[in-house]
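# Generate a structure from the sequence data that follows.
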Amino acid sequence: MMGMKVTMTGIDIGVMIPSSPSPGESPGRLVAAARYAEELGFESVWVGDQLIVGNGLPLLDSLTSLAAAAAVTERVKLGVGVLILPLRQVVWVAKQVATLQHISGDRMLLGAGAGNERHRDSWAAAGVSQRDRGRLTDEALRLLPDLITGKTVCLGEPSSETQIRLSPPGTMPPVIIGGMSSAALRRATSVGDGWYTLAPPERLPAARAQLERLAAANGRPTPAITTMARWPSKAIPRLPTSLPTRSVPPSSRVIPQ
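Here you go, the predicted structure:
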């Protein structure tokens, strides 16, 4: 990318930073990219998440990558799109998120989702059944706010539950629910602060309308939309300083990739 100042009315622009290095590239480019994205004025930097990518693509750990980005930046927000919650023990997720909030000065954007069936080796390596991913995701989303903020939480079965409290407590970051399923939309409008989607732009107005209906039924505001625009990397330096907003609903975030 060449030097440019990114500005947009009504829509924030984030950017993916290279947590998945290309062959022959150093994984350390992520740190330089985060620093440069902040200099250019991007609202947020993002990394993907997966334990073992199905196509064999190398991928750095998401939360460790964001910690590295936090150490070399001061303003830019730090997003994971999205953390696959059922692959992880929820207490460790809470500890890492609270730590990242302390390191970054409360700049994290916690994208969260249930994952999918494409990355079969991840589920086998983590010892988690794919059939349980929805239940585990809902349980994690229920527990994370109290765990991260240092409240006492009961874990385990009723006959053998344990009370725990993590310290130091952190600030609960915005939760951005990923996925196109009905379960993902339910989570986004019941416990989420936003919705993360890879849907093409022409599908966003209908999705926004569905989010509005579900949120109204829950008595909650409509979650903001974070979407990814798949621009070729060579085109990113040529992004205009103002982009059309017709196909993207208000209160949204665009992540060029």
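# quick one, phi/psi of the residue lying closest to P21 once chain neighbours are set aside?
Counting by Cβ to Cβ, 6 or more residues apart in numbering, the nearest residue to P21 once its immediate chain neighbours are dropped is P27, at 4.8 Å. Using the backbone N, CA and C atoms, a C-beta is placed for each residue, glycine as well. P27 adopts backbone torsions of phi -60, psi -20, taken as degrees, to the nearest 10.
# what's the neighbour count on P27?
For P27, the count of nearby residues is 15 (other Cβ atoms under 10 Å).
# Contacts only, for it.
Counting by Cβ atoms under 8 Å, 6 or more residues apart in numbering, P27 touches 18-19, 21, 58, 60.
# which two from those residues end up farthest apart in space?
Largest separation among these by Cβ to Cβ: P18 and P58, giving 10.6 Å.
# From the contacts of P27, which shows the smallest pLDDT?
Across the contacts of P27, the smallest pLDDT goes to P21, namely 77.
# what about it, is that helix, strand or coil?
For P21, the reduced secondary structure class is coil; criterion used: DSSP: H, G, I helix; E, B strand; the rest coil.
# Count the neighbours of it for me.
16.
# So what does it look like in phi/psi?
P21 adopts backbone torsions of phi -70, psi 140, taken as degrees, to the nearest 10.
# Against G28, how distant is it?
Distance from P21 to G28, counting by Cβ to Cβ, to the nearest Å: 9 Å.
# do P158 as well
Counting by Cβ to Cβ - P158 and G28 are separated by 48 Å.
# who has more neighbours, those two?
More neighbours surround G28 than the other of P158 and G28, with 12 against 6 (other Cβ under 10 Å).
# Excluding chain neighbours, give the residue nearest to C154 in space.
If the residues on either side of it in the chain are set aside, C154 comes closest to E161, at 4.7 Å by Cβ to Cβ, 6+ apart.
# I'd guessed that neighbour sits against T152; true?
No. Under the criterion of Cβ atoms under 8 Å, E161 makes no contact with T152, lying 11.5 Å away.
# Show me where the stretch 101-250 of the chain has its helices.
120-126, 133-148, 182-190, 204-217 (DSSP state H, counting those that start in this stretch).
# need the ones you listed in TSV with distance to L100, mean neighbour count and mean pLDDT, can you?
Below are those laid out as TSV (distance: least, Cβ to Cβ, whole Å; neighbours: other Cβ atoms under 10 Å; pLDDT from 0 to 100):
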stretch	distance to L100	mean neighbour count	mean pLDDT
helix 120-126	21	15	93
helix 133-148	10	19	97
helix 182-190	21	20	96
helix 204-217	27	15	94
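# Format those as TSV; extra columns: distance to A71.
Compiled in TSV, those are given as follows (distance: least, Cβ to Cβ, whole Å):
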stretch	distance to A71
helix 120-126	27
helix 133-148	20
helix 182-190	30
helix 204-217	34
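# if we can go back for a sec, and for the residue nearest to C154, the neighbour number?
Using other Cβ under 10 Å, E161 has 11 other residues around it.
# Also R35?
Other residues near R35 number 18, with proximity taken as other Cβ under 10 Å.
# quick one: contacts for it?
Neighbour list for R35: 72-73 [criterion: Cβ under 8 Å, 6+ apart].
# Follow the chain on from the helix or strand where it lies and name the next helix or strand.
Element membership of R35 [criterion: DSSP states H and E] is helix 29-40. Heading C-terminal from helix 29-40, the first helix or strand you meet, by DSSP H and E, is strand 44-47.
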